[in-house]
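*Asks:* heads up, no residue letters with this:
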Ligand code: P1T
């Protein structure tokens, strides 16, 4: 199947009892057994639930994996990956990642003896130079949140596996979605999503996803999902499954609108730097061009007036763009990373990579582009 068919049919079958075309919401915690241990494949919904199974099969299909796992949030999906490791193990992560991922690494897992290094993944050698005999996981976010940096997934994977084939590579594919890039095809071991974002697509669910293509890793992750218990519920699974069916058409429009917004901002006399991997002057445009089908709907920028007040005036005055955390829904959102999504990163760390008061992040939705540009224009002039 081609991708645009997989989003609708991948891993899906009609429900057997009634022929229901859409998988029903199996809102149940448990299942009748005819004799102890004898059941129809479902014993207890923390282990498996038919609505979640349908979604997990869809997750696997769209990332060209063999197994998918649905969690109660993106962070609980990351938590599941980190539980593969043991005290003393080391993780190499990108230096620009979602603030909540950084918070989990530094404030939760560090105290259990995991060590984290943060490197600029613009250069493959920055990753390979950081590898030690204790390195067990490489954590790649690309495009990054919020600076839209691009890492070369295939090149990093090849270089890391050449040093030590046991090191696990995981990609947070939240910003790109499998519509734009499929990291399992590029050799990584695990793909992770905040399905809260583009996969769900309608800002009505908080959910995480993992996708893999290797049986042993799938078994380990499934055990942790079952044993730790951070599963997605049936209703949320239904909503995310419905969201995925339109992923390809939504992404097409997100990309068109994202490009138009980036170009509008780049030419505006009140706007300073624009962070958008589709621009030829983006430092890693060539990698983005090779690795991604298109450039997505996320755009960050600075005003020429780099004061906090100027940024806040803009943020308080958009009308179609809602000032809110999150991204990837049909509606356009605007975010101030310093006070919102990346507030948990210490100021000194933020400033080192350029997450300053003047940085504004847009999640460009699928509304009419004329309304989006008119809204930005009036807010820039407020
Ligand atoms: O919010 P949750 O579903 O738990 O997912 C966490 C997460 C993981 N990875 C990336 C790249 C993310 O962007 C997120 C969540 N991000 C936001 C809420 C945000 O506004 O950036």
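*Replies:* Here it is on my side, so go on. This one's a predicted model, so the numbers in the text were calculated from it and none came from an experiment.
*Asks:* after the lowest-mean-pLDDT helix or strand in the chain comes which helix or strand?
*Replies:* Among the helices and strands of the chain, helix 347-353 carries the lowest confidence by mean pLDDT, DSSP states H and E, at a mean of 93. Later in the chain than helix 347-353, the nearest helix or strand by DSSP states H and E is strand 359-363.
*Asks:* give me the helices and strands touching whichever helix or strand comes after that following strand, please.
*Replies:* Next in sequence after strand 359-363, counting helices and strands by DSSP H and E, comes helix 369-380. If contacts are counted by 3 or more CB pairs under 8 Å, 6 or more residues apart in numbering; DSSP states H and E, helix 369-380 sits against helix 247-267, helix 308-317. In this view, the C-beta of every residue, glycine as well, is placed from N, C-alpha and C.
*Asks:* tell me how far the residue in the chain that the ligand sits nearest to lies from residue 153.
*Replies:* The ligand sits closest to residue 74 of the chain, with a gap of 2.3 Å, by CB to the nearest ligand atom. The gap separating residue 74 from residue 153 is 19 Å, by CB to CB, to the nearest Å.
*Asks:* cool, residue 53 as well?
*Replies:* Applying CB to CB, the value for residue 53 to residue 153 is 29 Å.
*Asks:* stretch 128-148 vs the ligand: in contact?
*Replies:* Yes. Using CB under 6 Å from any ligand atom, stretch 128-148 comes into contact with the ligand via 141, 145.
*Asks:* need the pLDDT of residue 297.
*Replies:* With respect to pLDDT, residue 297 scores 98.
*Asks:* would you agree it is in contact with residue 260?
*Replies:* No. When contacts are counted by CB atoms under 8 Å, residue 297 is not listed as touching residue 260 (10.5 Å).
*Asks:* so for those two, which sits in the more crowded spot?
*Replies:* Neighbour count, other CB atoms under 10 Å: between residue 297 and residue 260, residue 297 has more, with 28 against 16.
*Asks:* need the winner for burial among the helices and strands packed on helix 369-380.
*Replies:* Burial of the helices and strands packed on helix 369-380 is given as mean neighbour count (mean count of other CB atoms under 10 Å); helix 247-267 ranks first at a mean of 20.
*Asks:* what's that one packed up against?
*Replies:* By 3+ CB pairs under 8 Å, 6+ apart, helix 247-267 packs against helix 3-9, helix 177-180, strand 271-275, strand 298-303, helix 369-380.
*Asks:* for the ones you listed, which one ends up most surrounded?
*Replies:* helix 177-180 (a mean of 26).
*Asks:* dump the helices and strands packed on helix 369-380 into CSV; add mean pLDDT and distance to the ligand as well.
*Replies:* CSV is the format used below for the helices and strands packed on helix 369-380 (pLDDT from 0 to 100; distance: least, CB to the nearest ligand atom, whole Å):
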stretch, mean pLDDT, distance to the ligand
helix 247-267, 98, 15
helix 308-317, 98, 14
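*Asks:* that older thread, so which of residue 53 and residue 153 has more stuff around it?
*Replies:* Taking neighbours as other CB under 10 Å, residue 53 and residue 153 compare with residue 153 leading, 25 against 18.
*Asks:* not counting residues beside it along the chain, what's closest to that one?
*Replies:* In this structure, residue 153 finds its nearest non-sequential neighbour in residue 186, 4.5 Å apart by CB to CB, 6 or more residues apart in numbering.
*Asks:* quick one: contacts for the spatially most central residue of the chain?
*Replies:* Nearest to the mean C-alpha position of the chain, counting by CA atoms, centre = their mean, stands residue 174 at 1.7 Å. Neighbour list for residue 174: 74, 98, 141, 145, 192, 193, 194, 197, 198, 328 [criterion: CB atoms under 8 Å, 6 or more residues apart in numbering].
*Asks:* ok, and what's touching the least confident helix or strand of the chain?
*Replies:* Residues from elsewhere that reach helix 347-353 (CB under 8 Å, 6+ apart): 95, 96, 147, 338, 342, 356.
*Asks:* quick check on these: which are buried?
*Replies:* Using 16 or more other CB atoms under 10 Å as the burial test, those include 95, 96, 147, 338, 342 as buried.
*Asks:* go through stretch 102-119 and flag the buried ones.
*Replies:* Going by neighbour count (16+ other CB under 10 Å), the buried part of stretch 102-119 is 102, 104, 105, 106, 109, 114, 115, 116, 118, 119.
*Asks:* do that stretch and the ligand meet at all?
*Replies:* No. Residues of stretch 102-119 contacting the ligand under CB under 6 Å from any ligand atom: none, with a closest distance of 9.1 Å.
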